[in-house]
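Visitor: Generate a structure from the sequence data that follows.
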Amino acid sequence: MTILIAIIIFSIIILFHEFGHFVLAKRNGVKVTEFALGMGPKLIGIKKGETLYSIRLLPFGGYCAMLGEDTASDDDVPEADKDRTFHSKGVWQRISVVAAGPVFNFILAYVFAMFIVSVIGYDTPVVYEAQAGGPAYEAGLQKGDVIRSVNGHDIHMYKEFRAYILFEGDTHSSMEIVYERDGTEHTAYVTPVENGGVKQILLSGGEYEKTDFFGVLKYSFYEVRYWISTTIKSLGMLFSGQVTVDDVSGPVGIVSMIGDTYQAAREYGALDVALNLANISILLSANLGVMNLLPIPALDGGRLVFLFIEAIRRKPVSREKEGMVHTVGLMLLMALMVFIMFNDVRKLF
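Guide: Residues are numbered from 1 along each chain as shown. So this is what the prediction gives:
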């Protein structure tokens, strides 16, 4: 059941990503030769119009194959399709096609967030408890206080406040926390402490509160923004050495996480399972969107780098040279993926 759920989640997220490329390609007149879910040998395929829609053996990955996208030139393209290749389109049209995949991941994350917020609401930035003797308690924060901002950054949900302390907090300097009590704003200066290797101010909060339709739209946006921001900051910590590769999970680790979540939620009923899996889907979809926008060869972000260079110099980079860069990048990504999967398996045992 865990593997089945994981395949469904991965398939939805990847399918929506590729659907973004597909929609913008069609809209810009690019011929899509195949729209595939999965990689490897083809299991089934249905040709509708000019596009083959297929399901392939390996359940991870997928692609939207566009005419002339990965060829050195359009010389072998039939004359009737010359103006329908990927490279025959203007640079900004191609940019929109490439960027559509990650953007659609953010849209999908927003849809999942709307489901969660409409059912259980959002986690309010209201203090539930300030632990006696802790930094927040000593600064005067009390149960019922509403956190409005920290160091000038507006707070809309408690998870934003908690993440700010984790990523930006400094045990050697205080943070300015603006909070509201009985309709009046107050300011407290709190210095985080190290607690179990994590920066904290020994404060708890985040009770969920339901909201109206417009509130669902608003807080779903904040939810997705939170996960995008968290992903970017986590990558920054990885590159700066603040976290190690052991803290990174690949497909095996993610499947294990999905399994643990499913087992923990199933005793509370189908709705609780759906809400928890939707939350994981937001995390994964936002992660995929951010990762694909990184300027790494073979990823959408790497392709966008070459397209922006073309837009600036008004002359395309040689397809052969770009292809070589993407090939090397793909090989390095595959090596990294194998290492991460090995690390996942090692952590399981």
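Visitor: what sits up against stretch 268-282?
Guide: With contact meaning Cβ atoms under 8 Å, 6 or more residues apart in numbering, stretch 268-282 is reached by 5, 9, 12-13, 108-109, 112-113, 115-116, 119-120, 223-224, 227, 257-258, 261-262, 264-266. Yep, even glycine has a C-beta here, placed from its N, CA and C like the rest.
Visitor: Where does the record place the domain boundaries for this structure?
Guide: 2-118+282-348, 122-209 (automatic domain parsing).
Visitor: Show me the shaky parts of the chain.
Guide: Applying pLDDT under 70 to the chain flags the ranges 241, 243-247.
Visitor: what about the strands in it?
Guide: Ranges of strands in the chain, per DSSP state E, are 32-48, 51-66, 122-123, 127-130, 146-150, 153-154, 175-181, 184-190, 193-195, 198-200, 203-205, 208-209.
Visitor: can I get the ones you listed in CSV with distance to V77?
Guide: Formatted as CSV, the strands of the chain follow (distance: least, Cβ to Cβ, whole Å):
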stretch, distance to V77
strand 32-48, 11
strand 51-66, 12
strand 122-123, 51
strand 127-130, 63
strand 146-150, 56
strand 153-154, 51
strand 175-181, 59
strand 184-190, 64
strand 193-195, 61
strand 198-200, 56
strand 203-205, 60
strand 208-209, 55
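Visitor: check contacts around H17.
Guide: For H17, the contact set (Cβ under 8 Å, 6+ apart) comprises 62, 101-102, 104-105, 288-289, 292.
Visitor: gap between it and S204?
Guide: Using Cβ to Cβ, to the nearest Å, H17 is found at 36 Å from S204.
Visitor: Pick the most buried one from the strands of the chain.
Guide: Highest mean neighbour count of these: strand 122-123, a mean of 22 (counted as mean count of other Cβ atoms under 10 Å).
Visitor: Which other helices and strands does that strand contact?
Guide: Judged by 3 or more Cβ pairs under 8 Å, 6 or more residues apart in numbering; DSSP states H and E, strand 122-123 is in contact with strand 208-209, helix 213-239.
Visitor: Sketch out the helices for the chain, chain order is fine.
Guide: 2-27, 91-120, 135-138, 158-168, 213-239, 251-266, 270-293, 300-313, 319-348 (DSSP state H).
Visitor: Just checking the distance from the shortest one to the centre of its chain.
Guide: Chain-centre distance of helix 135-138: 34 Å, with Cα atoms, centre = their mean, to the nearest Å.
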